[in-house]
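Peer 1: below are the sequence and a predicted model; questions follow.
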Amino acid sequence: MDSTLLSHIRTLTDDKTEPYTVSSDEIIEMGKTRRTRIYYGACYTDDYLTWTFPRDYIEVIHLADGYEGTVLTPSETDVLEGRFVFATAQTGVYFFGYAYDLNDIVSACWLLKADRVDPGITYSLGDEQVDTSKYKQHCIDQYYRYRTSKSGQWRRYR
């Protein structure tokens, strides 16, 4: 898992300072079960310099100029938005790597945080100090906020 993606998950789980409630190894292991392997998926472009893969939150193994073609190296990569910038125009770019289900990873982290609430600590939500039960409920609420439906029977509206 890319450090940019790991940092983004830490921001969404409000777990940015050490010691972390959910370790980096735990997040990486959760990510391994919540990712899809993409085998040379086509990217799209408007100007032949900036290419975008249609999924966000990706891990690049490599890019190629065709299906199993020559490996390409972009000058800039944005794994959160699946965007690649090249110094010279490319005729085609294919992505080989992983696409992560970020919401599912974040929801699992919030559930772990709820389980690890220490009764001897006062927690803060923003500028408000709260007791353990309110913080635990906050973690569970965040779990449901980020949780994705596996059955497709319901949809979340924001």
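Peer 2: Noted; the coordinates are in hand. Numbers count the residues shown, from 1 in each chain.

Peer 1: check contacts around residue 129.
Peer 2: Each residue near residue 129 by C-beta atoms under 8 Å, 6 or more residues apart in numbering is listed here: 122-123. Any C-beta I mention is one placed from the backbone N, CA and C, and that applies to glycine too.

Peer 1: how about a cut-off of 6 Å?
Peer 2: Listed by C-beta atoms under 6 Å, 6 or more residues apart in numbering, the contact set of residue 129 reads residue 122.

Peer 1: correct me, but residue 130 touches residue 123?
Peer 2: Yes. Counting by C-beta atoms under 6 Å, residue 130 touches residue 123, with 5.5 Å between them.

Peer 1: now the strands for this structure?
Peer 2: 35-42, 44-45, 50-52, 58-64, 71-72, 76-78, 83-85, 94-100, 123-125, 128-130 (DSSP state E).

Peer 1: can I get the ones you listed in JSON lines including distance to residue 11?
Peer 2: Putting those into JSON lines (distance: least, C-beta to C-beta, whole Å) gives the following:
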{"stretch": "strand 35-42", "distance to residue 11": "19"}
{"stretch": "strand 44-45", "distance to residue 11": "28"}
{"stretch": "strand 50-52", "distance to residue 11": "22"}
{"stretch": "strand 58-64", "distance to residue 11": "18"}
{"stretch": "strand 71-72", "distance to residue 11": "30"}
{"stretch": "strand 76-78", "distance to residue 11": "16"}
{"stretch": "strand 83-85", "distance to residue 11": "19"}
{"stretch": "strand 94-100", "distance to residue 11": "15"}
{"stretch": "strand 123-125", "distance to residue 11": "16"}
{"stretch": "strand 128-130", "distance to residue 11": "20"}
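
Peer 1: what about the closest residue to residue 83 other than its chain neighbours, how many residues close to it?
Peer 2: Closest residue in space to residue 83, ignoring its immediate chain neighbours: residue 52 at 5.0 Å, by C-beta to C-beta, 6 or more residues apart in numbering. As a burial measure, residue 52 scores 17 neighbours (other C-beta atoms under 10 Å).
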